[in-house]
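Below is the sequence, then the predicted model.
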Amino acid sequence: MTEHALHYDSAIIPQETGYWCGPASAQVCLNIRGIHVDEATLAAECGTDEGGTDYVGLIENCLNARLDGEPYTSVYAENMPDAQAKERFWNEGILRSIDAGYGIVMNWVSPEGNHPQGIKGSASPNYVGTIYHYVTCAGYDDNPSQRAVLIADSGFWPWTYWISFEQCATLIPPKGFAYADVTIPEEIDMSEEYARQSFEQLAGPDADAGAFGWPQLGGRTVVDALAVIGAELGIEGFGPPLDRDQD
């Protein structure tokens, strides 16, 4: 089980107007990547007005304009029809983005009776009525007993909270989300290679074949060469190399 939360400056979460939730969510995603852009600039680029930001693809564009490889793509979800679609949302939309170090912008519709409910010790945001809103997902918890997502919510205290993934999936339709469609490089275990190289440096390039020693050290290994040097300098405890043919 893993809890993976991305780092960002919590001070920038609250939106600066009553309708800049889209630009504020984009700002958090950029901050996660170490990029700071003011909300007003992002609002202008997204065409945000007092009616809000029309659709999540506008936010995708302003994110990709500042990130190498244009990683973000948008998905429009008229509904979340079945378990398979929900699993794609979890695996491809959330886990892939977060594991690669990118937040997800979500466009929520939260009617009365389905307001976000804080879990994992989080307070619930104080939604009233039907809320049309953009938020940023900045982490996940894959505990199979209750999968959860970490939300940075620019419009409502406590600004950051956890909700269940199951509830999150119900808040997306009929809007959408923008996630980073990136491939995470596979980690290569270099421990065996490092061990081999360390052994070679000490014992010589042909040590694997049983031929110990470096030509540069008169056919000695590094340890034997140090022993000879120490003995020549009269350093206490240093002596001639051991005879490997001895039992």
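Now that the structure is in, tell me what you want to look at. Residues are numbered from 1 along each chain as shown.

Which of the helices and strands in this protein ranks last by mean pLDDT?
Taking mean pLDDT, DSSP states H and E as the measure, the helix or strand of the chain with the lowest value is helix 191-203, at a mean of 64.

Next SSE downstream of that one?
Per DSSP states H and E, helix 191-203 leads on to helix 222-232 as the next helix or strand towards the C-terminus.

For that next one, list every residue counted as buried.
Of the residues in helix 222-232, those buried under the neighbour-count criterion (16 or more other CB atoms under 10 Å) are D224, A225, A227, V228. C-beta coordinates here come from the backbone N, C-alpha and C atoms, glycine included.

Specify which member of those residues is nearest to Y102.
The shortest gap between Y102 and any of those belongs to A225, at 51.1 Å (CB to CB).

Does that closest one touch F212 like I think?
No: with contact defined as CB atoms under 8 Å, A225 and F212 do not form a contacting pair (11.5 Å).

for this protein, which strand is longest?
The residue-count maximum for a strand in the chain (DSSP state E) belongs to strand 131-141.

What segments of this structure are helices?
Under the criterion DSSP state H, helices of the chain are mapped to 21-32, 39-46, 56-64, 83-88, 96-100, 165-171, 191-203, 222-232.

Could you tell me the least trusted of these?
With a mean of 64, helix 191-203 has the lowest mean pLDDT of the helices of the chain.

Near V128, how many other residues are there?
8 (other CB atoms under 10 Å).

Quick check: it vs D153, distance?
Distance of V128 to D153, given as CB to CB, to the nearest Å: 14 Å.

domains in the chain, as residue ranges please.
3-180, 191-232 (automatic domain parsing).

Can you get me the start-to-end distance on the first one?
So that's domain 3-180. The first residue of domain 3-180 is 19 Å away from its last residue (CA to CA, to the nearest Å).

how distant is it from the center of its chain?
Relative to its chain's centre, domain 3-180 lies at 15 Å (CA atoms, centre = their mean, to the nearest Å).

From here on, call the first residue 789.
All right, first residue 789 from here; so that's domain 791-968.

Poorly predicted segments of the protein, please.
Low-confidence segments of the chain, defined by pLDDT under 70, span residues 789, 869, 972-991, 996-998, 1029-1035.

Quick test: name the residue nearest the centre of it.
The C-alpha lying nearest the average C-alpha coordinate of the chain belongs to G889 (CA atoms, centre = their mean; 2.6 Å).

right, and it touches I820 too?
Yes: counting by CB under 8 Å, a contact exists between G889 and I820, whose distance comes to 7.0 Å.

what do these two both touch?
Common neighbours of G889 and I820, counting by CB atoms under 8 Å, 6 or more residues apart in numbering, are L794.

Quick check: the gap between the residue nearest to W896 when sequence neighbours are not counted and D826.
Take W896 and drop its neighbours on the chain: the residue closest to it by CB to CB, 6 or more residues apart in numbering is L959, 4.2 Å away. For L959, the distance to D826 equals 28 Å [CB to CB].
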